[in-house]
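J.: Make a model of this:
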Amino acid sequence: MQTHSNSRVLKYISTLAAVLLLNLPVFGQSSTQPAQQSAPRQGREGTAARALEAARENSLELRAFLVRMPKGADLHVHLSGAVYAESFIRAAAEDNLCVDSATLSFVKPASITTSQPPKPVCGEGKVPAAKAFSDQELYDALIDAFSMRSFVPSTGVSGHDHFFDTFAKFGGTDKRHTGEWVDEVTSRAASQNEQYMELMYTPKSPKAGVLSQELGWQDDFAKFRTELLDRGVKDDVAAASTEIDQIEAVRKQKGHCGEPAETPACKVQVRYLYQVLRGLPKPFVFAQTLVAFETASADARFVGLNYVMPEDGYTSMADYALHMRMLAFFHQLYPKVHLSLHAGELAPGLVPPDGLCCHIRLAVEQAEAERIGHGVDVMYEENPDALLKKMAKKHVMVEINLSSNDLILGVSGKDHPFPIYRKYGVPVALSTDDEGVSRIDLTREYVRAVQTYNLHYADLKKLARTGLEHGFLPGDSLWQARDVFTTTVSACRKDFPGAEKKSAACDAFLNSSERARQQWELERRFAEFESSFAAAPADPKRPN
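T.: Next comes the predicted model:
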């Protein structure tokens, strides 16, 4: 009798569980929706998940799966570092630059001939950059000098040093190429099913340079700001917008955007983060920070700003706390300008132990950064447990750059805090940092994450969704709760996210929010991707 009773109870519980599972909301759908509407989405996702598991053990099959998978956004991209070395060599040849044979860096020619075509006169110890096209040894040496290709650490030259030294070597090409660079990185992004990028870029700021030298350092931030504005530092704002006008015009031309032959790169939405050079003297950093806030306030294409240059550099370390106070001051005056900060791109040995104490904490608590780039040394900060909980509570996202952290800092695998951030519920998304210098792409970062941290398909979807959730686009999120991708806002509750047909209320909501439109597009891409793995009908002639 007891056994029979237990059997009935177990049967009842199993039946109840099945009913509950059939009626769980999927992708933001109301639990009152018919189960048959939710089932196709569940089935498609499950098929894609099984395809990932089947490809997991073979890196080539895994890449083939992941290159097609929607990835949403790449939020941590230095434009100059994203360009491949081959493109820089081509541009230098077009610009009639020379190569210093000793340093393997571009230099300007002593003069240019009047012949047709004109040729550079380079002088002793230098050769025309165009010579690389007929000298394979020079071509290879330049690529190795401009990137991490073939790099082997040696005495006095670490991965960190070689990585950052590349930027001075490939600089000097004409600004007219910048639009070509944007076309290059967006073409690569489009080929990997990315849809949104935030490119870090430093416009020229001559007025900030001159005025900061004339005025010198002033501890009174308000007074310093007023003097800079009164003396015309906002001239740099107009100049920055003009630069972006020119960049976008070239990008549009290269991609034939808006024409019948439009390339996929045109579909990748691009915004810019104003790079501030924190390794320079503090009067200039203050003036350039002011220009960055003013530019982001005046030009919607600049969605925020970031501080760049090596975090372990002398000035960056010595002035870090001061920089955070500057940002806190400006944030009060420009509350709508977004802030992502390089913080915690450090490792033991790179700086003294006390240098690891508090960069992430200051960025989060004092500067009120909405995103953190790298965040590698978080477990070396004072009271990391409390810091991680605060980041999770405040939804401070971390831009994870696995290859970059390995190449520059020597931090990878179990020594990387990526799993710890996920454990604490801190939002994270994968990004490339400097894909040209690293010789990678975003797909490579996904491959690395899957193989290193045993991520599954649901994990990858969350990473992609998190990127768009924390992009600095205007408008409300598609999702009802921050970083919880299960329930959409009420206006779209009755609609399948990504569906072509939408209710009037959902359509109106999407039209009001660029962020939500990008998120809706990501869900459409996921549905399309997952549908491609639908099981083929069984062949009746094939034996079981």
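J.: burial of residue 469, as a residue count?
T.: Residue 469 has 26 neighbouring residues, counting by other C-beta atoms under 10 Å. Where C-beta positions appear, they are placed from N, C-alpha and C, glycine not excepted.
J.: Distance check, it against residue 59.
T.: From residue 469 over to residue 59 the distance is 29 Å, taken as C-beta to C-beta, to the nearest Å.
J.: how would you label residue 421: helix, strand or coil?
T.: Following DSSP: H, G, I helix; E, B strand; the rest coil, the label given to residue 421 is helix.
J.: That one against residue 397, yeah?
T.: No: judged on C-beta atoms under 8 Å, residue 421 makes no contact with residue 397 at a distance of 9.4 Å.
J.: which of these two has more neighbours?
T.: Between residue 421 and residue 397, residue 397 has the larger neighbour count (other C-beta under 10 Å), namely 26 against 21.
J.: about what we covered before: give me the common contacts of residue 421 and residue 397.
T.: Common neighbours of residue 421 and residue 397 (criterion: C-beta atoms under 8 Å, 6 or more residues apart in numbering): residue 428.
J.: Excluding sequence neighbours, find me the nearest residue to residue 146.
T.: Among residues not flanking residue 146 along the chain, residue 85 sits closest, at 3.8 Å (C-beta to C-beta, 6 or more residues apart in numbering).
J.: Check residue 334 too.
T.: Distances taken as C-beta to C-beta, 6+ apart put residue 293 closest to residue 334, at 4.5 Å, once the chain neighbours are dropped.
J.: And the helix or strand hosting that neighbour, how far out from the chain middle?
T.: Counting by DSSP states H and E, the element that carries residue 293 is helix 282-298. Put simply, helix 282-298 sits 22 Å off its chain's centre (C-alpha atoms, centre = their mean, to the nearest Å).
J.: Name the strands paired with whichever helix or strand comes after that helix and say parallel or antiparallel.
T.: Beyond helix 282-298 in the direction of the C-terminus, DSSP H and E gives the next helix or strand as strand 302-308. For strand 302-308, the paired strands and their directions (DSSP bridges) read strand 269-277 (parallel), strand 338-343 (parallel).
J.: which one of the ones you listed has the most crowded surroundings?
T.: Mean neighbours per residue, mean count of other C-beta atoms under 10 Å, is largest over these for strand 338-343, with a mean of 26.
J.: Dump that strand to CSV, keeping only the CA atoms.
T.: What follows is strand 338-343 as a C-alpha-only set of coordinates in CSV (Å, rounded to 0.1, in the frame of the first residue of the first chain):
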residue,chain,number,x,y,z
HIS,A,338,28.8,57.8,-20.5
LEU,A,339,32.0,56.5,-19.1
SER,A,340,34.0,53.3,-19.7
LEU,A,341,37.4,53.1,-18.1
HIS,A,342,40.5,51.0,-18.5
ALA,A,343,40.9,49.9,-14.9
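J.: could you give the angle of that strand to helix 282-298?
T.: 140 degrees (axes from the mean of the first three to the mean of the last three C-alpha atoms, to 10 degrees).
J.: Rounded mean pLDDT for stretch 508-518, please.
T.: Mean pLDDT, computed over stretch 508-518, is 98.
J.: buried ones in that stretch?
T.: By neighbour count with 16 or more other C-beta atoms under 10 Å, stretch 508-518 contains the buried residues 509-510, 513-518.
J.: I'd like the strands paired with strand 302-308 laid out as JSON lines, including distance to residue 157 and mean pLDDT.
T.: Below are the strands paired with strand 302-308 laid out as JSON lines (distance: least, C-beta to C-beta, whole Å; pLDDT from 0 to 100):
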{"stretch": "strand 269-277", "distance to residue 157": "24", "mean pLDDT": "98"}
{"stretch": "strand 338-343", "distance to residue 157": "23", "mean pLDDT": "98"}
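J.: going on from the helix or strand harbouring residue 227, what's the next piece of helix or strand?
T.: Take DSSP H and E as the rule and residue 227 turns out to sit in helix 221-230. Next helix or strand after helix 221-230 toward the C-terminus (DSSP H and E): helix 235-255.
J.: Need the residues that contact that next one.
T.: Contacts of helix 235-255 (C-beta under 8 Å, 6+ apart): 175-176, 178-180, 182-183, 186-187, 203-208, 257-258, 262-263, 265-266, 270, 272, 274, 291, 294-295, 298-299, 301-302.
J.: ok now that helix, how far from the chain's centre?
T.: From the chain centre to the centre of helix 235-255 is a distance of 21 Å (C-alpha atoms, centre = their mean).
J.: got the buried residues for that helix?
T.: Within helix 235-255, the residues that count as buried by 16+ other C-beta under 10 Å are 236-237, 239-241, 243-244, 247-248, 250-252, 254-255.
J.: Including distance to residue 348 and pLDDT, could those go into CSV?
T.: As requested, the buried residues of helix 235-255 are exported to CSV (distance: C-beta to C-beta, whole Å; pLDDT from 0 to 100):
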residue, distance to residue 348, pLDDT
236, 39, 98
237, 41, 98
239, 42, 97
240, 38, 97
241, 43, 98
243, 40, 97
244, 40, 98
247, 40, 98
248, 43, 98
250, 44, 97
251, 42, 97
252, 47, 97
254, 44, 97
255, 45, 97
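J.: Show me the shaky parts of this protein.
T.: Within the chain, the stretches with pLDDT under 70 are 1-42, 535-544.
J.: May I see the domains of the protein written out as residue ranges?
T.: Domain ranges of the chain: 2-68+476-531, 85-146, 175-455, per automatic domain parsing.
J.: between those, which one is nearest to residue 153?
T.: Nearest of the domains of the chain to residue 153, taken as C-beta to C-beta: domain 175-455 at 8.9 Å.
J.: Straight-line length of stretch 295-305, end to end?
T.: Stretch 295-305 has an end-to-end distance of 10 Å (criterion: C-alpha to C-alpha, to the nearest Å).
J.: Would you mark the buried spots in that stretch?
T.: Neighbour counts over stretch 295-305 (16+ other C-beta under 10 Å) mark 295-296, 299, 302-305 as buried.
J.: host element of the closest residue to residue 268 other than its chain neighbours?
T.: Using C-beta to C-beta, 6+ apart and skipping residues adjacent in sequence, the residue nearest residue 268 is residue 186, 4.2 Å away. Using DSSP H and E, residue 186 falls within helix 178-190.
J.: who touches that helix?
T.: For helix 178-190, using C-beta under 8 Å, 6+ apart, the contacting residues are 74, 77, 79-80, 82-84, 87, 91, 195, 197, 199, 201, 243, 246-251, 253-255, 263-268, 270, 435, 441-442.
J.: still on that earlier bit, which one of the buried residues of helix 235-255 is nearest to residue 116?
T.: residue 250 (25.0 Å).
J.: Adding distance to residue 155 as columns, could you present the domains of the chain in CSV?
T.: CSV is the format used below for those (distance: least, C-beta to C-beta, whole Å):
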stretch, distance to residue 155
domain 2-68+476-531, 33
domain 85-146, 18
domain 175-455, 16
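J.: and among those domains, the most buried is which?
T.: domain 175-455 (a mean of 20).
J.: ok, back up a step: do you know which of the strands paired with strand 302-308 lies nearest residue 485?
T.: Short answer: strand 269-277, nearest of the strands paired with strand 302-308 by C-beta to C-beta, at 20.0 Å.
J.: which residue ranges form the helices in the stretch 401-544 of the chain?
T.: Taking DSSP state H, counting those that start in this stretch, the helices of the stretch 401-544 of the chain run over residues 402-404, 418-424, 435-438, 442-453, 457-469, 504-511, 514-531.
J.: Now distance to residue 55 too, for those helices, in TSV please.
T.: Converted to TSV, the helices of the stretch 401-544 of the chain look like this (distance: least, C-beta to C-beta, whole Å):
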stretch	distance to residue 55
helix 402-404	19
helix 418-424	21
helix 435-438	23
helix 442-453	9
helix 457-469	11
helix 504-511	33
helix 514-531	14
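J.: distance of the closest residue to residue 527 other than its chain neighbours from residue 57?
T.: Setting aside the residues directly before and after it, residue 527 is nearest to residue 498 in space (C-beta to C-beta, 6+ apart), at 4.9 Å. According to C-beta to C-beta, residue 498 and residue 57 sit 30 Å apart.
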